[in-house]
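A.B. asks: Generate a structure from the sequence data that follows.
(one chain, ligands or ions: 2)
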Amino acid sequence: MQRSELKNTKRWVVKIGSALLTNDGQGLNKEALAHWVEQIVELKSQGVEVVIVSSGSVAEGMKRLGWSTRPKVLNELQAAASVGQMGLIQAYESKFAKYDIHTAQILMTHDDLSNRKRYLNVKGTVETLLEYGVVPIINENDTVVTDEIRFGDNDTLAALTANLISADVLVILTDQQGLYDDNPRTNPQAQLISEAQVSRKDIEAMASPEGGALGKGGMYTKVMAAKRAARSGTATMIASGREAGILTKLYSGQSFGTLLVPDLEPLSARRQWLAGHLQAKGQLVLDAGAVKVLQASGKSLLPIGVKTLNGEFQRGEMVVCVDEQGMEIARGLANYSAVESLKIIGKPSNQIEEILGFVEDESLIHRDNLVVG
Ligand SMILES: Nc1ncnc2c1ncn2[C@@H]1O[C@H](COP(=O)(O)OP(=O)(O)O)[C@@H](O)[C@H]1O
Ligand SMILES: N[C@@H](CCC(=O)OP(=O)(O)O)C(=O)O
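C.D. replies: Numbering: from 1, shown residues only. Ligands and ions are numbered 1, 2, ... in the order given. Down below sits the predicted model:
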């Protein structure tokens, strides 16, 4: 994708980060919010469907409750989120109402998306809202998630949303001009990267997880979000929400921010869902031969190629496959529970029946349920 092609795109996810929305902690910046709404209305008039992923509930809640530092206790964070979400949605709803556009609040958790039925349900709802010209406004359902299962940052949620609706473009608006070759907060000499292929390994190292006082994930989660978004062929742009008219400038192909081009083969819709299924229940450590086979041929993973395993997974649950150095190679759904798998790893598949007394499949993970990379 080139910048000049952006004006032919039809479906955008726009993520607006906490750092930006709240001017790094001064409560919701309603003037700026009105300006982004105005631009989204302009995009809609050009035929672009837009979904907003908006942070800011915790920051706005903190301001409403008179708290000056982000609480560490989960229940306090959740309380702030539930208070602040009211202000956030109210602000979007009232700004869009001026243009006779309806908004819809969608609060999601990772749990919702990892359940296939609920995932398809959310997808259907968002697509229906878009058909009716409504602007869905998505945030994490902060009040119900616990530390272990929360996304935390909204970059990941925005990328999964882009996968969910096969968006053409994911725009991540933040408080910097884009991705720099080093954190500009700590290195004033850092240079802006205007464009990069998403598969470039060095961009991860440039992006630090250190953000501002209220942002979560820094630039690292934005680069990882771009990689994730590329699974649905979605191009990502990281840009400054402080730049006047940024969304319409990007749409018209002007060179602002960082364009991360999806140069990887898009995955099928089901594989995207599988890959986005973050809650792995276990880990399989593969030998070098199995690593090679998975990477080169897209074949199923046989028990003989697994050296050890960790975790207490059941049949059908997600497991991560790593090499002997601990690097993730693939992830997929296990055909056998951890207890059963322990008995058959390192063994040829024709011994499964003798060992377990039954055979679910000759593979530990079938290729249809396996996502490599
Ligand atoms: N390589 C980099 N380029 C740009 N910003 C970076 C980089 N590495 C880290 N950052 C930091 O990431 C911050 C943005 O992330 P974050 O604070 O989480 O904001 P948001 O709430 O918009 O997600 C920037 O303010 C900057 O300090
Ligand atoms: N769900 C949280 C957002 C978390 C967050 O700050 O994310 P990010 O904007 O990616 O730094 C909120 O609304 O406050």
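A.B. asks: Would you mind measuring from the nearest residue to residue 116 once chain neighbours are set aside to ligand 2?
C.D. replies: Distance criterion Cβ to Cβ, 6 or more residues apart in numbering; nearest residue to residue 116, sequence neighbours excluded, is residue 273 at 6.8 Å. All C-beta atoms are positioned from the backbone trio N, CA, C, and that covers glycine. Between residue 273 and ligand 2 the distance is 22 Å, computed by Cβ to the nearest ligand atom, to the nearest Å.
A.B. asks: show me what contacts residue 273?
C.D. replies: Listed by Cβ atoms under 8 Å, 6 or more residues apart in numbering, the contact set of residue 273 reads 113, 116, 119, 163.
A.B. asks: Please work out which residues outside stretch 122-140 touch it.
C.D. replies: With contacts defined as Cβ under 8 Å, 6+ apart, stretch 122-140 is touched by 11, 40, 44, 49-55, 57, 85, 88-89, 92, 96, 101-109, 112-113, 150-152, 154, 157-158, 161, 164-165.
A.B. asks: Quickly check: that stretch near ligand 1 or not.
C.D. replies: No - if you take Cβ under 6 Å from any ligand atom as the test, stretch 122-140 misses ligand 1, and the best it gets is 12.5 Å.
A.B. asks: Equivalent analysis for stretch 159-176, please.
C.D. replies: Yes - Stretch 159-176 is in contact with ligand 1 by Cβ under 6 Å from any ligand atom, via 174-176.
A.B. asks: what does stretch 63-75 give?
C.D. replies: No - Stretch 63-75 stays clear of ligand 1 (Cβ under 6 Å from any ligand atom), getting no nearer than 11.8 Å.
A.B. asks: Can you give the distance from that stretch to the centre of its chain?
C.D. replies: 25 Å (Cα atoms, centre = their mean, to the nearest Å).
A.B. asks: picking up where we left off before, which ones among the contacts of stretch 122-140 map onto helices?
C.D. replies: Cross-referencing those against helices under DSSP state H gives 40, 44, 57, 85, 88-89, 92, 96, 112-113, 154, 157-158, 161, 164.
A.B. asks: Farthest pair within the contacts of residue 273?
C.D. replies: 116 and 163 (13.7 Å; Cβ to Cβ).
A.B. asks: between the two, which one's more packed in?
C.D. replies: residue 163 (28 against 12; other Cβ atoms under 10 Å).
A.B. asks: what does the chain put close to ligand 2?
C.D. replies: Residues of the chain lying near ligand 2 (Cβ under 6 Å from any ligand atom): 17-18, 55-59, 81, 139-140, 142, 153-155, 215-217.
A.B. asks: Buried ones from the residues you listed, can you make that a PyMOL selection?
C.D. replies: Typed into PyMOL, the line below selects the buried ones among the residues of the chain next to ligand 2, using 16 or more other Cβ atoms under 10 Å:
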select buried, resi 17+18+55+56+57+58+59+81+139+140+142+153+154+155+215+216+217
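A.B. asks: Brilliant, that's me finished.
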